[in-house]
Each structure stands twice: as C-alpha cells, then as structure tokens.
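Trainee: output the structure for:
(chains A, B and C)
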Amino acid sequence: MNDILSMLLTGVPWTLGVTLCAFATGVVLGFALCALRMARSRGLAALGAAIVLTLRSIPPIVWLFFIFFGIGGGYLSLSPFVAAVLGLGLITAAQMAEVYRGAFAAIPEGQYEAAHVLNLSPPQRFFDVVLPQLTRISIPTAATYAIGLLKDSAVASTLGVADISFQAYQVSQQTFQGLGVYSAAALVYLVLSVPVALASRWVSASLQRRISQ
Amino acid sequence: MNPMSVPLRQVPPMPAAKPAFLRLESIHKQFGPYEVLHDVNFEMCKGEVVAIIGPSGSGKSTLLRCINQLEPPTRGRIRLDELDIDAATPLARADLLKLRRRIGMVFQSFNLFPHMTVLRNVSLAQVRTLGRSQREADARSLQLLERVGLADKAGHYPARCSGGQQQRIAIARALALEPELMLFDEPTSALDPELGLEVLAVMKELAAEGMSMIVVTHEMHFAETVSDRVVVMADGRILEQGPSARVMRQPQHERVVKFLQAVRDR
Amino acid sequence: MNEILSQWAEWFPELWKGFVLSLQVTAISLVFGVFLGLLLALGVSAKGRAVRYPALVIVELGRGAPALILLQYFYFGLPSVNLTLSSFWAAVLALAYCTAAYTSEIIRGGLEAVARGQHEAAEVIGLDRVDALRYVILPQALRVALPSLLGFSIMMFQASSLCFTIALPEIVSRASAIGSSTFQYMPVLVLAGLMYAAVCAPASLGVAALERRLAPGQHATP
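Mentor: Residues are numbered from 1 along each chain as shown, chains lettered A, B, ... in the order given. Reported below is the predicted structural model:
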C-alpha cells in the first residue's frame, strides 16, 4: 500500500500546479470578462454574456481537447500542462465573472456615494473602496469553486499531465489493485481539499478584521 | 356569517355536576437551564371556554403546546378523560395519535399548507388520519368551510386568501378531525384588528355550540365576554384563575391588577 | 466554410449516437441519484447517530472525490475484486453516486427551508412522520430545491463527457476517434462542443429564468 501511496503522491504537485495556475488565471481573466459583461455598451455586454455562457455550456474535457489537439495540433505546440491550465482557467474565468457580478451587486449603494463624496479619483475609488469589499464578498464562493477546481483538475490526466489521476490509472493497470488504488486516490483528493477550505475561512476572517463592515 | 345550519357536533346540554375533562397536574417544562413552566395545575370541564392571558414570556403558549405534546412536559401529568400521560413514561405512538385526534390546534401564523388547495388542506387529515374516502372527506370539508363562511375559497390556494380567511380555514382544518378540545395559540395576534374580528366571531360561535376551548390571547374583550374562565399567567406560573367576569374586573393578585391596568390603559 | 459544413454533415450521425448515449447515461444516473440523494438527505438529518454518521461519510466521499476517479473506480477498480461492469453500468453507478452525494445537500437545504410551523401543523392533525414528509414537507422542500437540482442536472450531463476515459462510446470518444483518423481535430471538436452547448446553454438560461420566477428579488446563484 505504501508503494501505491508514494506513486500517487508524485502526482500531487501536478494536481496542485494545475489547480493553482488555472485558479489564478481564472481570477484575473474573470475581472476582464466581468468588465465586459457589465460594460455600458449593449453590444459588449451581450458579447460578454455570450462568452460566459459558451464557456460554461461545454464540458471541460472538450475545451481541453480543443486547445491541445485542435489549436495545439496545428498552429501552436502546447504542453499538456499549459493546455490544461488554459482550458480550466478559461472556464474558471467564466464562473468568477459571475461571482464578481454578484459581488458588485451586493456592495451597498452607499459605498459608491461615500467614495464620490470623499472626492476620490476613479482608480482610488476602485482600488481602495470597491476592490476590498468585492474580494471579501467573493471569497466564500470563490473558495467553493477552488475546491471544485481541485477535483476538475483530474481531467488534465486525459492529456497526459502526470497528476494524481494519471498516476492512479498507471498504478492500477500495473498492479491490478484498482479498488485500493482508486480509493487511495479519492482520499488524497479529499485530504487536499481540507487546507483549501481552512485557508478560505482564514483569509475571509482576516479580511473581515481589516475591512470592518 | 352563515347561519349555524351545520352543527359541528352534537353536544348534550351541560350536566349539573361537571366532571373534569382535562387535568394538568404539576406540569414543569424546562428548556435547558431555563424553567419555563413551574408546577402548573389546571382543570377544565367539557364545554368550558378558558382564556389564558398574561405578559409575553409567561409560558402561556408553552402550556398550550404541552397539552397536545408538541412540547412534552419535563415533569407532570396530563389527563384527558381516560388518557393518562405522565412525562416520566414514554408516550406510546397509539396514545399520541388518540390525543391528536381529540385535540385540535390553531396557530398564530395559521400554518396552512401553501402547496395545496384550501379544500385539500381541510381534507388531508380526514383521509390520512381518520381513513375516510376522498369523496367523504371533501364533502365534509366543504361543510366545514361553509360553516366558517369560506366555501367559495375551496379551490383556491391559501396565498390568495387574506390573513383572516386563512385563519378561519385553519380553524376548519382543525375541526375536520372532530376534536373534543380546541387549542388556540394567539389566533388573532398576527392579524389586523378588522380581520381579527372575523376570526373571533367564528370562535364565539364555536363556543356557543359547546366546544371545549382553551385560548391563549391578548384580546381582553374576548377573554371577558366569551370565555367562562380566565387564567392569568406570569413567569411560568398561574397567578390567578376564576370566572372571567370576576378575574377581569376584580383581580386579587397584585401583579394581575397591574397587568390588567396596563392593558386597559393602552 | 462549405467544407466544414459538409464535414460536419458527414460526422454528425456518428456523433449523434454518442450524444444520445450521453443523454441516456445522464438520465438514468439522475433518476437513481436524486432518489438516493433524498434518502441520504433524510439520513443526514436523522437524529440517531447510527444513521447520521454513515450517511455523512457516504455524502462527503461522494462530494470529495473527483467524478473521474469515481468513474475509474467502478470500471477499473471493481474488476480487482472480480466484479466487472460494462462501461455503461460503471458510468451509471459512478454518476448516480456522485449525483446522490451532491443532491443530498441540495435537498437538505430545501428540507431546512420548510418552516417549522409546517411540521407542527402536520403533527397536530395526526399525520405520522412518513405522511407528514410525503404530503407536507417534501413537496415544499423540492419546490425550493428545484432550480439547484436542475442546474446540477446540467452539470451532470457535462460530466458524462468524462466517461470517455472508461471506454464509453459517447460524443467525446467518437469525436476523438474521428479526429485521430482524419487529423481534423478542430472542426470535429467544435461540432461536439456545439452539440453540448445546444443543450446546456438554453437549459442554463431556462433554469435562471425559473429561479427568477420562483424567488423574485433573490440573487440568482452563479
């Protein structure tokens, strides 16, 4: 069992790598998408909505294959890791765009008025008043998505990224102990999700203290 | 209101010697460290209408809910005719069911089932608890709804009815099982005064027909004019009880005097 | 453009077979899964520890394990204890388990949303626990849970694409086969993607509209 576990654990850095990079990509790109979605021009807003809807209506594995085999096959050559991060990152961006949109709506109207009255410049208004509150409100939902992304990252194994799922498949084919291997793999994912849940609670609490409501 | 064309049940005239029908002996109720009811003793006869009044937090609603075991008392005994329920012994499922069939309850917030029509609200228990056929139950439900003046609402959903109408439907629902005792937990507290009047009118007719009723209420007029007996509670104890006219006009306990004065002055 | 359209026309029948298979797997998994999810929701809400703890473990395992691992567990894992399932049934079992775990939380949320007064009203008119659940509580709980359940169903349909890894001949596996034989990955994957989008996009919009109708004024879940 120890051998199986140690083989599985070699996949952990890859799983975490895909998850974190995709999440970071999604968090940043999500802003751009959200901005598009909330643009004043009707056309741009509709485009944003269409992009978000499309990203969320097609399964991750199709996006990954599309990026790796479709784009990666002919025009560029992409490593499986990059393709996975891009694919998952784009889907995360769509989800985060919706989270931000909801968070924007949840910021009390008075905040914008207060910022205006205090004569803050637009960038100051955004970075000092809006962004911290946006972050605070978004964190719980974002944390839930992060945990979901940890599990979704398993799809990267289909491209050959040597993550936990990839290792699990290899080991089970070699040892014919599929039951034990996959049970162990499931437990590894479970254990990995605990720190993320705790971290989100910690970040949320420290932000609460710094930005008292 | 419709004329009393459909009696709720046949009640014999009040006998001269009135046997106790409901007895509460040494009822205590504790919620964690808080003692909400302390050594409450109470008796009532069939056909009596008892109003329980008192300041908020006095335990009035809790006492009511102890009677039909929504909150089983921590200690004490409840006797309804031959049913004898001691808090110390676990209550058999069959006995609880017998109790529920004999005692109807009307809640402050009506608690009608929003996803069913008014008719089904009243029929459901008849079919499931009494085992009547759907047709029998529906016919009886229509009679009851007519009795409270709402037969035309039978096919509607509760959300389309006013608060006063919903509470009257709730009364019809409680009457559907043909109970011997009706418990009312602040039936008009959630209603505008005018809507409350419709409900009180129904309750008054019920009382006139001889239904045994215990009503927790803030409606002092009802307590004085409709009920036979008034019980005043505070801090989980009964401070005073007696004939309604006497208690309401010539209270003896100091705290009761203060309470009634405060209420009158409002 | 014409070339792509004619290729699509050529590939469509093949992809359609996979599409139908995905729908079947999803539908059966959902039916079993939601029913099991209801049982688990009741189990997790139970008072007795003997029922609650095992239910909690089952739910947390189902929610914590990636769908991909669950699928491979049933297809590659079970044979190691001499239980071999076809890829169809392995897919159904895995996705049903996944559905049960997630929907149990959704349904539990719905159960908790039903007002206390409803339980009491059902009690005082003499309904036993089963009848109270069946006639009063569950109908209301499921109404609350419906948008989330539908949203989850859409996600499940997308998750069926992972069955590619357990040799189920659904859309992705057929698209991949076509791609590897023609080297035209891009067009065939676009077609596969469009087929998914054709179902999932209107469905998501429909669920969002339903959510707005059932709970006006509440912020729609992202």
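Trainee: pick out the residue closest to the middle of the chain.
Mentor: You didn't pick a chain, so chain A it is. Centroid-nearest residue in chain A: A:F23, 3.1 Å away (criterion: CA atoms, centre = their mean).
Trainee: let me rephrase: I mean chain C.
Mentor: Note: chain C centre (CA atoms, centre = their mean) maps to C:M156, 3.6 Å.
Trainee: pull out the buried positions in whichever helix or strand A:A199 is part of.
Mentor: Using DSSP states H and E, A:A199 maps to helix A:178-210. For helix A:178-210, burial by neighbour count (16 or more other CB atoms under 10 Å in any protein chain shown) applies to A:178-190, A:192-193, A:196, A:200, A:203-204. Any C-beta I mention is one placed from the backbone N, CA and C, and that applies to glycine too.
Trainee: and it, what does it pack against?
Mentor: helix A:2-9, helix A:12-37, helix A:131-152, helix A:164-175, helix C:49-64, helix C:67-72 (3 or more CB pairs under 8 Å, 6 or more residues apart in numbering or on different chains; DSSP states H and E).
Trainee: and the contacts of the last one?
Mentor: Contacts to helix C:67-72, defined as CB atoms under 8 Å, 6 or more residues apart in numbering or on different chains, come from residues A:151, A:154-155, A:157, A:165, A:168-169, A:172, A:178, A:182, A:185-186, A:189, C:62, C:90-91, C:94-95, C:97-98, C:159, C:162-163, C:165-166.
Trainee: per-residue pLDDT, the closest residue to B:R102 other than its chain neighbours?
Mentor: Leaving out its chain neighbours, the residue that sits closest to B:R102 by CB to CB, 6 or more residues apart in numbering or on different chains is B:E180, at 4.9 Å. Here, the pLDDT recorded for B:E180 equals 93.
Trainee: quick one: residues contacting B:E180.
Mentor: Per CB under 8 Å, 6+ apart, neighbours of B:E180: B:F21, B:K46, B:R102, B:I103, B:S212.
Trainee: please redo it, this time with the cut-off set to 10 Å
Mentor: With contact set as CB atoms under 10 Å, 6 or more residues apart in numbering or on different chains, B:E180 has these partners: B:9, B:11, B:21-22, B:46-47, B:80-81, B:101-104, B:211-212.
Trainee: which one of the residues you listed is nearest A:T141?
Mentor: B:G104 (46.3 Å; CB to CB).
Trainee: any idea how far the closest one lies from B:P55?
Mentor: B:G104 sits 27 Å away from B:P55, taking CB to CB, to the nearest Å as the criterion.
Trainee: okay, those two: which has more neighbours?
Mentor: Just comparing B:G104 and B:P55: by other CB atoms under 10 Å in any protein chain shown the higher neighbour count belongs to B:G104, 27 against 16.
Trainee: count the residues that sit near A:V117.
Mentor: A:V117: 9 neighbours (other CB under 10 Å).
Trainee: swap that for C:K17, please
Mentor: Neighbours around C:K17, by other CB under 10 Å: 14.
Trainee: and for the one 3 residues further on?
Mentor: Burial of C:V20, expressed as a neighbour count using other CB under 10 Å, amounts to 12.
Trainee: I figured it was touching C:V199, is that so?
Mentor: No. If you go by CB atoms under 10 Å, C:V20 and C:V199 don't touch, sitting 11.6 Å apart.
Trainee: these two touch, right, B:Y34 and B:G236?
Mentor: Yes. Here B:Y34 reaches B:G236: they are 9.1 Å apart, a contact under CB under 10 Å.
Trainee: more crowded one of these two?
Mentor: Using other CB under 10 Å, the more surrounded residue of B:Y34 and B:G236 is B:G236, with 23 against 8.
Trainee: Three-state assignment for A:R40, please.
Mentor: The assignment at A:R40 comes out as coil when based on DSSP: H, G, I helix; E, B strand; the rest coil.
Trainee: could you check the distance from it over to chain B?
Mentor: A:R40 sits 39 Å away from chain B, going by CB to the nearest CB, to the nearest Å.
Trainee: just A:A205 next, same as before
Mentor: From A:A205 over to chain B the distance is 29 Å, taken as CB to the nearest CB.
Trainee: same check, this time on C:Q72
Mentor: For C:Q72, the distance to chain B equals 42 Å [CB to the nearest CB].
Trainee: chain B: strands as residue ranges?
Mentor: B:20-31, B:34-45, B:49-53, B:75-80, B:83-86, B:103-106, B:181-185, B:212-216, B:229-234, B:237-243 (DSSP state E).
Trainee: B:V122: neighbour count?
Mentor: With other CB under 10 Å as criterion, B:V122 counts 31.
Trainee: OK, contacts around it?
Mentor: Contact analysis of B:V122 by CB under 10 Å, 6+ apart lists B:112, B:116, B:137-138, B:140-145, B:148, B:150, B:154, B:169-176, C:125.
Trainee: how does it look with 7 Å?
Mentor: By CB atoms under 7 Å, 6 or more residues apart in numbering or on different chains, the contact set of B:V122 is B:S141, B:L144, B:L145, B:A172, B:R173, B:A176.
Trainee: which of those residues lies closest to chain A?
Mentor: Set against chain A, the nearest of those by CB to the nearest CB is B:R173 (40.6 Å).
Trainee: is that closest one in contact with B:S123, as I believe?
Mentor: No. B:R173 is beyond contact range of B:S123, at 9.0 Å (criterion: CB atoms under 7 Å).
Trainee: those two: who's more crowded?
Mentor: Between B:R173 and B:S123, counted using other CB under 10 Å, B:R173 has the larger neighbour count: 30 against 26.
Trainee: the helix or strand containing C:L142 - what's its average pLDDT?
Mentor: If you go by DSSP H and E, C:L142 is part of helix C:138-159. What helix C:138-159 shows for mean pLDDT is 93.
Trainee: do that helix and chain A meet?
Mentor: Yes. Counting by CB under 7 Å from any CB of the partner chain, contacts between helix C:138-159 and chain A involve C:Q158.
Trainee: just the angle between that helix and helix A:131-152, please?
Mentor: Here the directions of helix C:138-159 and helix A:131-152 differ by 70 degrees (axes from the mean of the first three to the mean of the last three CA atoms, to 10 degrees).
Trainee: buried sites along helix C:138-159?
Mentor: Residues of helix C:138-159 classed as buried: C:138, C:140-142, C:144-149, C:151-159 (neighbour count, 16+ other CB under 10 Å).
Trainee: same check on stretch C:53-66?
Mentor: Across stretch C:53-66, burial judged by 16+ other CB under 10 Å covers C:A55, C:I58, C:V59, C:L61, C:G62, C:R63, C:G64, C:A65, C:P66.
Trainee: surely the third one touches C:T103?
Mentor: Right, C:V59. No. Counting by CB under 7 Å, C:T103 is not a contact partner of C:V59; they are 9.9 Å apart.
Trainee: what does chain C have sitting close to chain B?
Mentor: C:117-118, C:120-121, C:123-127, C:131, C:135-136, C:139-140, C:143.
Trainee: among those, which ones are buried?
Mentor: C:Q118, C:E120, C:A121, C:E123, C:V124, C:I125, C:G126, C:L127, C:D131, C:Y135, C:V136, C:Q140.
Trainee: which of those residues sit farthest apart?
Mentor: Greatest spatial distance among these (CB to CB): C:G126 and C:Q140, at 19.3 Å.
Trainee: what does the pLDDT read for residue 20?
Mentor: Went with chain A since none was named. 93.
Trainee: actually it's chain B I care about, not the one you picked
Mentor: Looking at B:A20, its pLDDT reads 78.
Trainee: tell me what it is bridged to.
Mentor: For B:A20, the beta-bridge partners are B:C45 (DSSP bridges).
Trainee: most packed of the helices and strands packed on helix A:178-210?
Mentor: Highest mean neighbour count of the helices and strands packed on helix A:178-210: helix C:67-72, a mean of 28 (counted as mean count of other CB atoms under 10 Å in any protein chain shown).
Trainee: counting contacts, what elements does the helix or strand just after that helix pack onto?
Mentor: The helix or strand immediately downstream of helix C:67-72 is helix C:87-113, counting by DSSP H and E. Counting contacts by 3 or more CB pairs under 7 Å, 6 or more residues apart in numbering or on different chains; DSSP states H and E, helix C:87-113 is packed against helix C:2-44, helix C:49-64, helix C:67-72, helix C:138-159.
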